[in-house]
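Student: What follows is a predicted structure for the sequence shown.
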Amino acid sequence: MTDALLVETRTADTAAWWRQAAVYQIYPRSFADANGDGLGDIPGILSRVDYLEKLGIDAVWLSPFYPSALADGGYDVADYRDVDPRLGTLEDFDAMVAALHARGIRVVVDIVPNHTSDLHEWFQEALAAGRGSAARERFIFREGKGENGELPPTDWVSVFGGSAWERVEDGQWYFHNFAVEQPDLNWDNPEVREDFLTTLRFWSDRGVDGFRIDVAHMLTKDLSEPLPSRAELDAIPQDGNHPLIDRDDVHEIYAEWRRVFDEYDPPRTAVAEAWVSTPERRAKYASAEGLGQAFNFDLLVADFDAEEFRTIIADNLAQSDTTGSSTTWVLSNHDVTRHATRYGLPALNGRHVKQGTEWVAAGGPDEGIDREQGLRRAHAATLLLLGLPGSTYLYQGEELGLQEVAEITPEERQDPTFFRGGEFDGLGRDGCRVPLPWTASGPSFGFGAVEAHLPQPAWFAAFAADVEAADPSSTLSLYREALRLRRVLQADESLQWIETGRADVLRFARPNGWQVVTNFGTEPFDLGKDAVDVVLGAVDGGAVPGESTVWIAPAGLIG
Ligand code: NOJ
């Protein structure tokens, strides 16, 4: 092979529904509000099943809908085996699953095993039972330092900023990787392990098809004394033996979970949210003996750049070959600036988005954001993703081309990261969590009967689902058509690069002849005679315009 590189080939018999699924993430409290209390709910999702079917997705992933005080948008779970009463009942949940299944849409739910809510009955019990109790052993309690234990056990900082330790009334401290209201569980405790098996079976028995595992890389810890200082901790390599992050022993938990998943027919699936240091470390989460799949966030933190995309794609497909899993492509989720905005942000040191403290002002002031360019590039990148082997995760609202909302006052903000700083420096994550506009007019743009729990700006009207559904040139129409065609064209999990002679144009073919061409540059890219076979995206005078993607399918491939 010279110019063309065969990245990977897999046989069809390993295929399972999740391998190449288009999974739509629902952030339930911001999707649709059926009871009109300002918070989205389960009956709201049920009322939009037609919309989801028309969109053409294969599965939905629901962010947490469990009882929660919403200290972290529901990722502070007070009861893992119930529905937040503001969002409905277990019967509502069952009805929703049945309705989605009836349309051929599978259901994935979020499991948050690293921490509970401080309102979880276990934590309340731990507070009441006092030091030395079995109830405290389910969490991570320690004595403080200083003459009277008035100083935290270490100087560690939580992911959301501030100390990672909080003092309770009797003077002990508990550890929390995230918000104060999210005490970390002690995964050395067999009772904790057992309880999550019960939770996995509880939802699997209710017909859930799979699970998304929150911060899957942080559950196990080595907190043997003496505890290292923050500086010492930061210097320890994350190679499997770090005291807090991505420890090898976490995989014992997932091997046990896999045995539970395999009790079901078809086996339940799982995808790890694991921000780990190398692709090799990530592969462990994707193994067939473990969770089976792991999020690949590489494109989410990449620039809109042909070379970067190509390297990431090739690396991840090669990695899938070694794990036997399929990769996951993601451009947006509830934790990051919507990609239609991100791609329009002015470059920061030559890049549009960075991780850690250099995370670009998420959804920041309008100044300098080129929204047209952002949307154009978002379309181009999404169509490229949907043509790739593997599964693609779409985040609610991106099918409307929604932009990040910057106009939220500090009083209206909810995200703890906005208030505490930490790794998500900037405006926090509320801007991508604003409830969806369903109609151009009416209260809360058709989200519900009253004002939405996060303010929707007036410009949401132009992005409303009813407006876009009626417009063949809208983002919604593009997503519908792309998802429809994707099902028709879907091929074995491999691709072959086709050299374009241009550093800023990527072109690849799937084994059945389906081709994707993305022009990352601004100069049109001439397609020659292939222009007649373009089935998606616009060509102009036989050329792919700048910052756009087309799909090519030889005659006969589409019935
Ligand atoms: C990752 C989730 O995606 C995020 O929203 C949450 O704040 C943290 N995990 C903590 O649960």
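Tutor: Good, I have the coordinates. Residues are numbered from 1 along each chain as shown.
Student: Right, and the ligand sits closest to which residue of the protein?
Tutor: Of all residues in the chain, the one sitting closest to the ligand is residue 75 (3.4 Å; C-beta to the nearest ligand atom). To be clear about C-beta, it is placed using only N, CA and C from the backbone, and glycine gets the same treatment.
Student: Tell me if I'm right that that residue and residue 64 touch.
Tutor: Yes - using C-beta atoms under 8 Å, residue 75 makes contact with residue 64 at a distance of 5.9 Å.
Student: got any residues that touch both of these two?
Tutor: Residues within reach of residue 75 and of residue 64 at once, by C-beta atoms under 8 Å, 6 or more residues apart in numbering, are 110, 112.
Student: ok, the residue of the chain closest to the ligand - how many residues close by?
Tutor: 24 (other C-beta atoms under 10 Å).
Student: for residue 81, same thing?
Tutor: Neighbourhood size, residue 81 [other C-beta under 10 Å]: 15.
Student: same deal with residue 162?
Tutor: Residue 162 has 16 nearby residues by other C-beta under 10 Å.
Student: Same question for the one 3 residues further on.
Tutor: Counted by other C-beta under 10 Å, the residues lying close to residue 165 total 23.
Student: switch to numbering from 147
Tutor: Understood, numbering begins at 147; the last thing we discussed is residue 311.
Student: which residue ranges form the strands in the stretch 297-446 of the chain?
Tutor: Taking DSSP state E, counting those that start in this stretch as the criterion, the stretch 297-446 of the chain carries its strands at 311-313, 319-321, 356-359, 415-418, 438-440.
Student: Show me what the first one is packed up against.
Tutor: Counting contacts by 3 or more C-beta pairs under 8 Å, 6 or more residues apart in numbering; DSSP states H and E, strand 311-313 is packed against strand 319-321.
Student: Out of the strands of the stretch 297-446 of the chain, flag the one nearest residue 226.
Tutor: strand 356-359 (11.5 Å; C-beta to C-beta).
Student: what helices or strands is that closest one leaning on?
Tutor: Helices and strands touching strand 356-359, by 3+ C-beta pairs under 8 Å, 6+ apart, are strand 252-257, strand 415-418.
Student: Let me know which of these is tucked in deepest.
Tutor: Among these, the stretch with the highest mean neighbour count (mean count of other C-beta atoms under 10 Å) is strand 415-418, at a mean of 25.
Student: can you tell if it touches the ligand?
Tutor: No - Strand 415-418 stays clear of the ligand (C-beta under 6 Å from any ligand atom), getting no nearer than 11.4 Å.
Student: Contacts for that strand next, please.
Tutor: 162-164, 254, 355-359, 362-363, 400, 403, 407, 431-432, 436-441, 474.
Student: Please repeat the previous calculation with a cut-off of 6 Å.
Tutor: Outside strand 415-418, the residues that touch it by C-beta atoms under 6 Å, 6 or more residues apart in numbering are 164, 356-359, 362, 431, 437-440.
Student: Over to stretch 274-292?
Tutor: If you take C-beta under 6 Å, 6+ apart as the criterion, stretch 274-292 is touched by 268, 271-272, 295, 297-299, 316, 318-321, 329-330, 332, 335, 338.
Student: Settle this for me: residue 625 is touching residue 545, isn't it.
Tutor: Yes - the pair residue 625 / residue 545 is scored as a contact, 4.1 Å apart, by C-beta atoms under 6 Å.
Student: Adding mean pLDDT, write the helices and strands packed on strand 356-359 out as TSV.
Tutor: Output for the helices and strands packed on strand 356-359, formatted as TSV (pLDDT from 0 to 100):
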stretch	mean pLDDT
strand 252-257	98
strand 415-418	98
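Student: And these: which comes nearest residue 584?
Tutor: Smallest distance to residue 584 across these (C-beta to C-beta): 21.3 Å, for strand 252-257.
Student: quick revisit: of the contacts of stretch 274-292, buried ones?
Tutor: Burial by neighbour count, judged by 16 or more other C-beta atoms under 10 Å, picks out 268, 272, 295, 298-299, 318-321, 329-330, 332, 338 from these.
Student: from these, which two are the most distant?
Tutor: Counting by C-beta to C-beta, the most remote pair of the buried ones among the contacts of stretch 274-292 is 295 and 338, 25.4 Å apart.
Student: show me where the protein has helices.
Tutor: Using DSSP state H, the helices of the chain run over residues 188-193, 195-201, 236-248, 267-275, 336-351, 376-381, 396-407, 425-432, 452-469, 485-488, 517-533, 562-566, 611-615, 621-635.
Student: Which of those helices has the lowest mean pLDDT?
Tutor: Sorting the helices of the chain by mean pLDDT places helix 562-566 lowest, at a mean of 85.
Student: Show me how far it is from its chain's centre.
Tutor: 20 Å (C-alpha atoms, centre = their mean, to the nearest Å).
Student: does the ligand sit close to that helix?
Tutor: No - for helix 562-566, no contact with the ligand is found by C-beta under 6 Å from any ligand atom; the gap never falls below 7.6 Å.
Student: For that helix, buried residues please.
Tutor: Of all the residues in helix 562-566, those buried under the rule 16+ other C-beta under 10 Å are 562-564, 566.
Student: now could you export just the CA positions of that helix as PDB?
Tutor: Taking C-alpha atoms only, helix 562-566 is exported to PDB below (Å, rounded to 0.1, in the frame of the first residue of the first chain):
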ATOM      1  CA  PRO A 562     -20.300  24.100  40.800                       C
ATOM      2  CA  THR A 563     -17.200  24.500  38.600                       C
ATOM      3  CA  PHE A 564     -18.300  28.100  38.000                       C
ATOM      4  CA  PHE A 565     -18.200  28.800  41.700                       C
ATOM      5  CA  ARG A 566     -15.200  26.800  42.700                       C
END
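Student: one step back: need the contacts of strand 415-418 in JSON lines with distance to the ligand and neighbour count, can you?
Tutor: Putting the contacts of strand 415-418 into JSON lines (distance: C-beta to the nearest ligand atom, whole Å; neighbours: other C-beta atoms under 10 Å) gives the following:
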{"residue": "164", "distance to the ligand": "19", "neighbour count": "24"}
{"residue": "356", "distance to the ligand": "16", "neighbour count": "26"}
{"residue": "357", "distance to the ligand": "14", "neighbour count": "25"}
{"residue": "358", "distance to the ligand": "9", "neighbour count": "25"}
{"residue": "359", "distance to the ligand": "10", "neighbour count": "25"}
{"residue": "362", "distance to the ligand": "10", "neighbour count": "27"}
{"residue": "431", "distance to the ligand": "14", "neighbour count": "27"}
{"residue": "437", "distance to the ligand": "15", "neighbour count": "29"}
{"residue": "438", "distance to the ligand": "19", "neighbour count": "28"}
{"residue": "439", "distance to the ligand": "16", "neighbour count": "27"}
{"residue": "440", "distance to the ligand": "14", "neighbour count": "29"}
